[in-house]
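Visitor: sequence and predicted structure are below.
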Amino acid sequence: MTVIELRNKRAQKLAAARAFLESNRTPDGFLSQENDAVYTAMENDIANLGKEISRMERLEAMDAELSRPLTSPLTEKPAAVAKAGEKTGRASDEYSAAFWNQTRRKDSVTPEMKNALQEGVDSEGGYLVPDEFEHTLVQALEQENIVREHAHVFTTSSGNHKIPVVTSKGTASWIDEEGAIPESDDVFGQQMIGAHKVGTLIKVSEELLNDSAFDLEGYFASEFARRIGNKEEDAFFNGDGVGKPLGILAATGGAQVGVTAASATAVTADEIIDLFYSLEAPYRKNAIWVLNDASIAAIRKLKDNNGQYLWQPALHEGTYDTLLGKRIFTSPFVPEMKSGKKSVIFGDLSFYWIGDRQGITFKRLNERYADTGQIGFIATKRLDGKLILPEAVKVLQQKGAASSGS
């Protein structure tokens, strides 16, 4: 079934669900227990179709990327390439070949291989991955997490990076003829992006390593992206800045609370609209919504004062589900609608800056898992993230539990 067919099917199910909801409400506006179970099943079908559409879209994007022709096909041996265009360091073919040979241990590590790998020796005993493979890993990470896809991402070779931020903007004034113009300059502050280390241990059987048909590069890329991507995404939302990035939902330095819901476990249409307009107009231009999958069901039922649903599904290829005209994304790392939690995010995530420290490392562990016939690989990267302008992102916070004794 194509993406278009899936969208049409979901649109039909959505229309049926809405009709069922409208025709089966009691005079008080509720559903009977039996009808509620039927409607919940219909919602689950719609949600599952939405997930399948997202999977198909990602698959189509990867197919399109893999189908792109090479702009510079390799027709000669590397040694025949003109000196002016010769790749050096970790970008060279020699380094890439040496890196993957020592990873597979196809050959003994010759002096020539050791010499080539000197370009990427890590201080902890591993080797920095080849440049092109690093780009592949970073692209895979972008596909795995929402924040990285929309954030401002830069690469730095140093551990710390200072970012100038305007903390107070200057203004103009009306002045009398020949009157003095009052001073009103922008006030600049600084945000510091550091480098925190994240890593994972990947195990591969010796048989697979010795099998030349096994796509080792592809396996490393997918596992690295899945594991590191999830850990990054969690920190980008919930990190406290201690040994990890400072998250968007951090109490200090995170997004500003635009609306506090009247309920600990639900939201109203008015509260969603208030959150939308709590964000200043310049930031609404590129703003998106991010919330938990479990919250979508509640949001989907909300209507404005004219009886129109705030949530609108994507009906055509190239379009997306929207809420008040802005695109919706879901992440399991955004809290559900529970007491005191920040359950809905709305803002321009390009003001979340991610600093990737140049160089992703793979270290081979030869003996640690020898008794099980496996080889371990420790994969690490260094990065940091921070919302450099908190006013660019607003959140809806659920009502907290009533405090006792005060």
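Guide: Great, that's in hand.
Visitor: and the contacts of stretch 135-148?
Guide: 58, 61-62, 129, 149, 217, 221-222, 224-226, 228-230, 232-233, 236-237, 248, 290, 329, 331, 349, 352, 354, 356, 360, 385 (Cβ atoms under 8 Å, 6 or more residues apart in numbering). Placement of C-beta: from N, CA and C, glycine included.
Visitor: switch the cut-off to 7 Å
Guide: Residues outside stretch 135-148 that contact it (Cβ atoms under 7 Å, 6 or more residues apart in numbering) are 58, 149, 221-222, 224-226, 228-229, 232-233, 236, 290, 329, 331, 349, 352, 354, 356, 360.
Visitor: any quick ChimeraX command for the buried ones out of the residues you listed?
Guide: Burial among the contacts of stretch 135-148 is assessed by 16 or more other Cβ atoms under 10 Å; the matching ChimeraX selection reads:
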select :221,224,225,228,229,232,233,236,290,329,331,349,352,354,356,360
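Visitor: from the contacts of stretch 135-148, which ones fall inside helices?
Guide: Among the contacts of stretch 135-148, the residues falling in helices (DSSP state H) are 58, 149, 221-222, 224-226, 228-229, 232-233, 236.
Visitor: let's have these in JSON lines, adding distance to Ser263.
Guide: JSON lines is the format used below for the ones in helices among the contacts of stretch 135-148 (distance: Cβ to Cβ, whole Å):
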{"residue": "Arg58", "distance to Ser263": "34"}
{"residue": "Glu149", "distance to Ser263": "31"}
{"residue": "Ala221", "distance to Ser263": "43"}
{"residue": "Ser222", "distance to Ser263": "41"}
{"residue": "Phe224", "distance to Ser263": "41"}
{"residue": "Ala225", "distance to Ser263": "37"}
{"residue": "Arg226", "distance to Ser263": "35"}
{"residue": "Ile228", "distance to Ser263": "36"}
{"residue": "Gly229", "distance to Ser263": "33"}
{"residue": "Glu232", "distance to Ser263": "32"}
{"residue": "Glu233", "distance to Ser263": "27"}
{"residue": "Phe236", "distance to Ser263": "27"}
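Visitor: need the longest strand for this structure.
Guide: Looking across the chain with DSSP state E, the single longest strand is strand 374-387.
Visitor: shouldn't Glu134 be within a strand?
Guide: No - counting by DSSP: H, G, I helix; E, B strand; the rest coil, one finds Glu134 to be helix, located in no strand.
Visitor: pull the contacting residues for it.
Guide: In this structure, Glu134 makes contact with Ile360, judged by Cβ under 7 Å, 6+ apart.
Visitor: ok, it to Phe236 distance?
Guide: Distance from Glu134 to Phe236, counting by Cβ to Cβ, to the nearest Å: 20 Å.
Visitor: and if you look at Arg10?
Guide: Distance of Arg10 to Phe236, computed by Cβ to Cβ: 29 Å.
Visitor: what segments of the stretch 1-150 of the chain are strands?
Guide: 127-128 (DSSP state E, counting those that start in this stretch).
Visitor: gap between the longest strand of the chain and the chain center?
Guide: 16 Å (Cα atoms, centre = their mean, to the nearest Å).
Visitor: for stretch 192-209, same thing?
Guide: The chain centre lies 19 Å from the centre of stretch 192-209; the measure is Cα atoms, centre = their mean.
Visitor: so where's the stretch 201-350 of the chain shaky on pLDDT?
Guide: Confidence mapping of the stretch 201-350 of the chain against pLDDT under 70 gives the ranges 317-318.
Visitor: cutoff 80 now
Guide: In the prediction, the stretch 201-350 of the chain carries residues with pLDDT under 80 at positions 210-214, 314-319.
Visitor: helices of that one, start to end?
Guide: 206-210, 216-238, 269-278, 281-284, 293-300 (DSSP state H, counting those that start in this stretch).
Visitor: which parts of the third one are buried?
Guide: For helix 269-278, burial by neighbour count (16+ other Cβ under 10 Å) applies to 269, 271-276, 278.
Visitor: domains for this structure, by residue range?
Guide: Segmentation of the chain into domains, based on automatic domain parsing, reads 1-63, 110-166+186-406.
Visitor: just name the most buried of those.
Guide: domain 110-166+186-406 (a mean of 17; mean count of other Cβ atoms under 10 Å).
Visitor: list of residues touching stretch 214-229?
Guide: For stretch 214-229, the external contacting residues (Cβ under 7 Å, 6+ apart) are 103-104, 133, 136-137, 140-141, 143-145, 198, 200, 202, 208, 379, 381.
Visitor: give me that answer again for 6 Å
Guide: Residues outside stretch 214-229 that contact it (Cβ atoms under 6 Å, 6 or more residues apart in numbering): 136-137, 140-141, 144-145, 198, 200, 202, 208, 379.
Visitor: stretch 242-254 too?
Guide: Contacts with stretch 242-254, where a contact means Cβ under 6 Å, 6+ apart, come from 196, 235-239, 255, 342, 384-387.
Visitor: hang on, the earlier thing: can you add distance to Pro27 and give the helices of the stretch 201-350 of the chain back as CSV?
Guide: CSV is the format used below for the helices of the stretch 201-350 of the chain (distance: least, Cβ to Cβ, whole Å):
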stretch, distance to Pro27
helix 206-210, 65
helix 216-238, 42
helix 269-278, 21
helix 281-284, 39
helix 293-300, 23
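Visitor: which one of those lies nearest to Leu365?
Guide: In terms of Cβ to Cβ, the element of the helices of the stretch 201-350 of the chain nearest to Leu365 is helix 206-210, at 12.4 Å.
Visitor: quick one: the closest one to chain centroid distance?
Guide: Using Cα atoms, centre = their mean, the offset of helix 206-210 from its chain centre is 33 Å.
Visitor: and stretch 43-54, by the same measure?
Guide: Between the centre of stretch 43-54 and the centre of its chain there are 20 Å (Cα atoms, centre = their mean).
Visitor: who's in contact with it?
Guide: Taking contacts as Cβ under 6 Å, 6+ apart, the residues outside stretch 43-54 that touch it are 3, 6, 10, 13-14, 297.
Visitor: likewise for stretch 282-299?
Guide: Contact with stretch 282-299 is made by 43, 311, 323, 326-331, 334, 336-337, 343-348, 392, as judged by Cβ under 6 Å, 6+ apart.
Visitor: among these, which lie within strands?
Guide: In this view, these that belong to strands under DSSP E are 311, 323, 326-330, 343-347.
Visitor: nearest to Gly400 among those?
Guide: Closest approach between the ones in strands among the contacts of stretch 282-299 and Gly400, by Cβ to Cβ: Ser343, at 12.3 Å.
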